[in-house]
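[1] pasting the structure only:
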């Protein structure tokens, strides 16, 4: 879909959502995104509409189960976008590599959210791989955030 068509689709969607109450707005967002022939350009165009558009885009990406889109936003600076992406990460099977990449240069608030998601998200192999590097780079306190997600041998070693 060329950008002008995606731009029109996004503007039409935003106009339709504007008068609706939140529950109806979310239902309409999901319905329209699912009807889109190719949701990717629509998501990209929504993101061009500031924080509100970015927040709509992450919800829409979840609705169409776009794992790659969600993976790219698990370390997002916007707490809403990041939180939604992290909640969906397990459901959509976001790969461990996305968490590792997100941790690479994440500020403290983002890093803590990622560590909580790893520890609570049933990723013991990832928690085991990360814990020593987190301990080395950010200290014992940060590493302890991963311990609930680590395997018993790793916890015993530490």
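    Sure, I can see it. Everything numeric here is computed off the predicted structure, so don't read it as measured data.

[2] do I have it right that residue 123 meets residue 99?
    Yes: using CB atoms under 8 Å, residue 123 is in contact with residue 99, at 7.5 Å. For glycine as for every other residue, the C-beta is placed from the backbone atoms N, C-alpha and C.

[3] which of these two has more residues huddled nearby?
    The neighbour comparison of residue 123 against residue 99 (other CB atoms under 10 Å) goes to residue 99, with 24 against 21.

[4] which helix or which strand is home to the more buried one?
    Residue 99 is located in helix 96-104, with elements delineated by DSSP states H and E.

[5] off-centre distance for the lowest-mean-pLDDT helix or strand in the chain?
    Of the helices and strands making up the chain, the lowest-confidence element is helix 3-17, at a mean of 91, by mean pLDDT, DSSP states H and E. Put simply, helix 3-17 sits 23 Å off its chain's centre (CA atoms, centre = their mean, to the nearest Å).

[6] buried residues, that helix. List them.
    For helix 3-17, the neighbour count (16 or more other CB atoms under 10 Å) marks 6, 7, 9, 10, 13, 14, 17 as buried.
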